[in-house]
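1. quick one, fold the following:
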Amino acid sequence: MPSSQDMTKKVIIALDVENKEQALALVRELKDARIFKVGLELFTAEGPPLLRALGELGKSVFLDLKLHDIPNTVAEAVRIGVRLGAAMMTIHTSGGEEMMRKAAEAASEESEKTKTARPLLLGVTILTSLRSDDLQAIGMAPDIPGQVLRLAGLAKKSGLDGIVCSAQEIEIARRELGGSFVIVTPGIRPAWAAAQDQKRIMTPSQAIQKGSDYLVVGRPVTQATSPQEAFLRIIEEIEKT
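-> Purely as a prediction, here's the structure:
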């Protein structure tokens, strides 16, 4: 089992708040957390200045915008993400092979050009809020594991570094795609937290046992009376695995 210091680099805190002031207050309180997720809502509200502020505090940014557009547009968005110092970025795998390939090329080219670290590009497979009947309603086969594997395989072929999938698909993804392919798992809820709006959830220790590389945790930490204590409690839960 990795050390506490190692695990603090694997637990990503989702900054699901409304503005920069709330986000930075949480970041300052969570002094042991290393990576913070900035999603669509917060990025729309605050934009690049927030990412720069997080960098100034010595934190890594998981820019979770789930990019999905024509290939050139996504590639240019990835270039901007590299310039902003994002350590991780998400791309919708349903955008297709060319879109993902151009995104991967853009990330490598821009990081080399700017002499900065290349971000991990992660393919979003099936959102954790969706169930089999939801897939059927939008015209997809009601087979979540099958869809995840199909999209994950396409992501790997296109040059992405890993995927985002629910903890329920970790084992099949690891088995089919190998140990070096990164798996990021949202929908993580400690045993002492409620499920809320995530359908396919799992505890931190369970997800680590199954092979997840990074765990995304939001409200169980950010809405806790003491976010720092809640974060450390999660690290402790994992260490007892």
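2. can you give me the helices for the chain?
-> For the chain, helices defined by DSSP state H occupy the ranges 4-8, 20-29, 40-46, 48-56, 71-83, 97-114, 132-137, 144-157, 170-177, 204-210, 219-222, 227-239.
3. what's Gly96 in contact with, if anything?
-> Leu154 (CB atoms under 8 Å, 6 or more residues apart in numbering). Yep, even glycine has a C-beta here, placed from its N, CA and C like the rest.
4. redo that, cut-off 10 Å
-> His68, Ile70, Pro71, Leu154, Ser158 (CB atoms under 10 Å, 6 or more residues apart in numbering).
5. now do the last one, the pLDDT please.
-> When you say that, I think you mean Ser158. On the pLDDT scale, Ser158 is placed at 97.
6. what do you get for the fourth one?
-> In the predicted model, Leu154 carries a pLDDT score of 96.
7. now the contacts of Gly96 in TSV, with neighbour count and distance to Ile138?
-> Converted to TSV, these look like this (neighbours: other CB atoms under 10 Å; distance: CB to CB, whole Å):
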residue	neighbour count	distance to Ile138
His68	16	14
Ile70	12	21
Pro71	18	23
Leu154	19	18
Ser158	22	22
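8. Arg189: which of the helices of the chain is closest?
-> helix 219-222 (6.1 Å; CB to CB).
9. related to what we said a few turns ago, could you dump the helices of the chain to JSON lines with distance to Pro190?
-> Below are these laid out as JSON lines (distance: least, CB to CB, whole Å):
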{"stretch": "helix 4-8", "distance to Pro190": "13"}
{"stretch": "helix 20-29", "distance to Pro190": "17"}
{"stretch": "helix 40-46", "distance to Pro190": "23"}
{"stretch": "helix 48-56", "distance to Pro190": "24"}
{"stretch": "helix 71-83", "distance to Pro190": "30"}
{"stretch": "helix 97-114", "distance to Pro190": "33"}
{"stretch": "helix 132-137", "distance to Pro190": "26"}
{"stretch": "helix 144-157", "distance to Pro190": "23"}
{"stretch": "helix 170-177", "distance to Pro190": "17"}
{"stretch": "helix 204-210", "distance to Pro190": "6"}
{"stretch": "helix 219-222", "distance to Pro190": "5"}
{"stretch": "helix 227-239", "distance to Pro190": "6"}
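10. rank these by pLDDT, which is bottom?
-> helix 4-8 (a mean of 71).
11. nearest residue to Ser111 in space, ignoring adjacent ones along the chain?
-> Of all residues not flanking Ser111 in the chain, Arg118 sits nearest, at 3.8 Å (CB to CB, 6 or more residues apart in numbering).
12. which of the helices of the chain sits closest to Leu63?
-> Taking the helices of the chain one by one with CB to CB, helix 71-83 is closest: 5.4 Å.
13. centre of the chain to the closest one, how far?
-> Offset of helix 71-83 from its chain centre (CA atoms, centre = their mean, to the nearest Å): 18 Å.
14. what's near enough to touch the spatially closest residue to Ile80 that is not a sequence neighbour?
-> Residue nearest to Ile80 in three dimensions, not counting chain neighbours: Pro48, with 8.0 Å by CB to CB, 6+ apart. Contacts of Pro48 were listed using CB under 10 Å, 6+ apart, and they are Ile80, Gly81, Arg83, Leu84, Gly85.
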